[in-house]
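K.L.:
take a look and give me a structure for this.
(chains A, B, C and D, ligands or ions: 2)
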Amino acid sequence: MQIETIVKRNVLIVYLIGELDEYSAEQARRKLDKRFEDANFECVIFDMSKLTFMDSTGIGLLIGRYKKLYKKNIRAYIQNPCLQVEKILRMSGLYEIMPRLSNSEVI
Amino acid sequence: MQIETIVKRNVLIVYLIGELDEYSAEQARRKLDKRFEDANFECVIFDMSKLTFMDSTGIGLLIGRYKKLYKKNIRAYIQNPCLQVEKILRMSGLYEIMPRLSNSEVI
Amino acid sequence: MNFKNEMILKFKAKSVNESFARSAVAAFLLPLDPTLEELNDIKTAVSEAVTNCIVHAYEKGEEDIELACSIDGDTVHITVSDTGVGISDIEKARQPFFTTKPEDERSGMGFTLMETFMDNLEVLPNQPLGVIVKMSKKIGNKGG
Amino acid sequence: MNFKNEMILKFKAKSVNESFARSAVAAFLLPLDPTLEELNDIKTAVSEAVTNCIVHAYEKGEEDIELACSIDGDTVHITVSDTGVGISDIEKARQPFFTTKPEDERSGMGFTLMETFMDNLEVLPNQPLGVIVKMSKKIGNKGG
Ligand SMILES: Nc1ncnc2c1ncn2[C@@H]1O[C@H](COP(=O)(O)OP(=O)(O)O)[C@@H](O)[C@H]1O
Ligand SMILES: Nc1ncnc2c1ncn2[C@@H]1O[C@H](COP(=O)(O)OP(=O)(O)O)[C@@H](O)[C@H]1O
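P.N.:
Ligands and ions are numbered 1, 2, ... in the order given. Below is the predicted model of the structure:
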């Protein structure tokens, strides 16, 4: 999978691109933590419009990033998941800690 | 696979759509022979722009159709194969009996 | 007419094969003409079962995972088995958020997702070693 | 570093499984990052070998086809085997346009296409019955 980031008005938007599973998780984790070190942003939005597949490994990864960001007082949000990803996010209760932005809130 | 046909200026254009292999060949053969019964055309062009895969079963099928049409004095041509299909048509020598129309000849 | 078909896939417990296992199962199911959502549910469940063999079953080395898939009419049966360390308390393992690898950021949601996305889930000990996961799902439920 | 991987696929000799076999092999090879043309060459060769098992090997019934695929560095090895009637004169069978089923509109180009699209082709008798087709191809030839 690929990861692209941009900062817009103090918001770091993280585009997750491709498939997020055990195979791709380690590298994704490393890239994200490296990007988060330099905290030139006030909140993070994970944009999932180009994430074509995710399983529970992705849930673990997102919870892990949530915890690290929380310590720095940075909140995280999710936007644009496809149906498959949406189902997993909903069932695992992830939206309780990383709310999903509705379309009107999308940046 | 699907087959669609139209007649344009006495030419029957046959669109082969999908994958042509042993699984799809029998039905394709039946449909084509049925369509050829009513010979309201003077030549046939197999348009392969939407044929995503073909193997040697397809070669056998095309030779078989060629023979049946030849008896009725109807010539057959091929146009727009993708690279995979083109390679097989070329290697099997099929173009010697069913020439490929170059783009300028395309109807 | 009752369409029947079956296949068995054996592959190494390497994470690069997760995507392969999902795609192979999806390709096998195409003749059933599943909806995209049904296909994704099954791919997710397969991904969870295969990931578990890779992450939990084998201490080291790349041993084999066996994935069997059969179609019986409109029902898909999938069995994923390994010959690894096994699970001592299966009931506990199946609970949501239970994981023995929190330090690896495992979420403990694997079995819960398999259960939710499939109609049926059985987790059994394999003989002499390892785990067998059996799942099934009816395709085309909407119509019926 | 020499990437290695392997899988074995067992499935019924039904023509509906041809497309499945091609897709499964393609999915397995994706980590090698093959070009579309390389992937299509291999899919075509697999399709020919699997079709032969379905059309020629078994008189009736739907017996098993075994497809093994391994990756060793940049080389793909594929073995397709059946336990059917076998081939009495393999050399003759491999000749272009030779077919024992002209009445079924077979073209006799199967082995010729496998040979052309792969780097190597061996056709061997299976023990005690049937045929083994072994093929291999190097991926990324262009670069080398
Ligand atoms: N194939 C397996 N072999 C050994 N242990 C397993 C296997 N599958 C699951 N387990 C055990 O069951 C627990 C729960 O599994 P699961 O619900 O998939 O969550 P997770 O994989 O995130 O830990 C795992 O933490 C592990 O201890
Ligand atoms: N798996 C097999 N089992 C038995 N006979 C086979 C098998 N594969 C090929 N053959 C024989 O070899 C011949 C040539 O095969 P091939 O070149 O693929 O052409 P085709 O399949 O069009 O006949 C076949 O006609 C058949 O007699």
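
K.L.:
what helix or strand is residue A:23 on?
P.N.:
For residue A:23, the host element (DSSP states H and E) is helix A:22-37.

K.L.:
cool, and residue C:70?
P.N.:
strand C:64-72.

K.L.:
could you pull out the buried residues of that strand?
P.N.:
C:64, C:65, C:66, C:67, C:68, C:69, C:70, C:71 (16 or more other Cβ atoms under 10 Å in any protein chain shown). (Each C-beta comes from the backbone N, C-alpha and C, glycine too.)

K.L.:
how about stretch C:71-83?
P.N.:
Of the residues in stretch C:71-83, C:71, C:74, C:76, C:77, C:78, C:79, C:80, C:81, C:82, C:83 count as buried by neighbour count, 16+ other Cβ under 10 Å.

K.L.:
now render the residues you listed as a markdown table, adding secondary structure.
P.N.:
Conversion of the buried residues of stretch C:71-83 to a markdown table gives the following (DSSP: H, G, I helix; E, B strand; the rest coil):
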| residue | secondary structure |
| --- | --- |
| C:71 | strand |
| C:74 | coil |
| C:76 | strand |
| C:77 | strand |
| C:78 | strand |
| C:79 | strand |
| C:80 | strand |
| C:81 | strand |
| C:82 | coil |
| C:83 | coil |
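
K.L.:
export the residues you listed to JSON lines and tack on distance to residue D:28?
P.N.:
Shown next, in JSON lines, are those (distance: Cβ to Cβ, whole Å):
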{"residue": "C:71", "distance to residue D:28": "21"}
{"residue": "C:74", "distance to residue D:28": "28"}
{"residue": "C:76", "distance to residue D:28": "21"}
{"residue": "C:77", "distance to residue D:28": "23"}
{"residue": "C:78", "distance to residue D:28": "18"}
{"residue": "C:79", "distance to residue D:28": "20"}
{"residue": "C:80", "distance to residue D:28": "17"}
{"residue": "C:81", "distance to residue D:28": "20"}
{"residue": "C:82", "distance to residue D:28": "19"}
{"residue": "C:83", "distance to residue D:28": "22"}
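
K.L.:
got a list of what residue A:62 touches?
P.N.:
By Cβ atoms under 8 Å, 6 or more residues apart in numbering or on different chains, the contact set of residue A:62 is A:46, A:76, A:94, A:98.

K.L.:
buried set for stretch A:49-66?
P.N.:
Quick answer for stretch A:49-66 (16+ other Cβ under 10 Å): A:51-66.

K.L.:
tell me the confidence at the residue of chain A at minimum distance from ligand 2?
P.N.:
Going by Cβ to the nearest ligand atom, ligand 2 is nearest to residue A:23 of chain A, at 35.2 Å. Looking at residue A:23, its pLDDT reads 97.

K.L.:
could you find the closest non-adjacent residue to it?
P.N.:
Leaving out its chain neighbours, the residue that sits closest to residue A:23 by Cβ to Cβ, 6 or more residues apart in numbering or on different chains is residue C:15, at 3.8 Å.

K.L.:
hang on, that neighbour packs against residue A:19?
P.N.:
No - counting by Cβ atoms under 8 Å, no contact exists between residue C:15 and residue A:19, whose distance comes to 11.4 Å.

K.L.:
one step back: closest to residue C:25 among the buried residues of strand C:64-72?
P.N.:
residue C:69 (5.7 Å; Cβ to Cβ).

K.L.:
tell me the pLDDT of that closest one.
P.N.:
The model's pLDDT for residue C:69 equals 98.

K.L.:
ok, the residue nearest to it when sequence neighbours are not counted - contacts?
P.N.:
Once flanking residues are discounted, residue C:69 sits nearest to residue C:78: 5.1 Å by Cβ to Cβ, 6+ apart. Taking Cβ under 8 Å, 6+ apart, we find residue C:78 in contact with C:25, C:42, C:45, C:46, C:49, C:67, C:68, C:69, C:118, C:134, C:135, C:136.

K.L.:
contact partners for the residue nearest the centre of chain A?
P.N.:
In chain A, the C-alpha nearest the mean C-alpha coordinate belongs to residue A:46, at 3.4 Å (Cα atoms, centre = their mean). Going by Cβ under 8 Å, 6+ apart, residue A:46 touches A:14, A:16, A:62, A:76, A:77, A:78, A:79, A:98.

K.L.:
backbone dihedrals for the third one, please?
P.N.:
Note on residue A:62: backbone dihedrals following degrees, to the nearest 10 are phi -70, psi -40.

K.L.:
hmm, back to that, and the strand holding residue C:70, how far out from the chain middle?
P.N.:
Remark: strand C:64-72 is offset 9 Å from the chain centroid, using Cα atoms, centre = their mean, to the nearest Å.

K.L.:
so residue C:71 sits right up against residue C:6, yeah?
P.N.:
Yes - assessed by Cβ under 8 Å, residue C:71 is found in contact with residue C:6 at 7.2 Å.

K.L.:
ok, now how distant is residue A:59 from residue D:80?
P.N.:
For residue A:59, the distance to residue D:80 (Cβ to Cβ, to the nearest Å) stands at 39 Å.

K.L.:
so which of the contacts of residue C:78 wins on neighbours?
P.N.:
residue C:49 (29 neighbours; other Cβ atoms under 10 Å in any protein chain shown).
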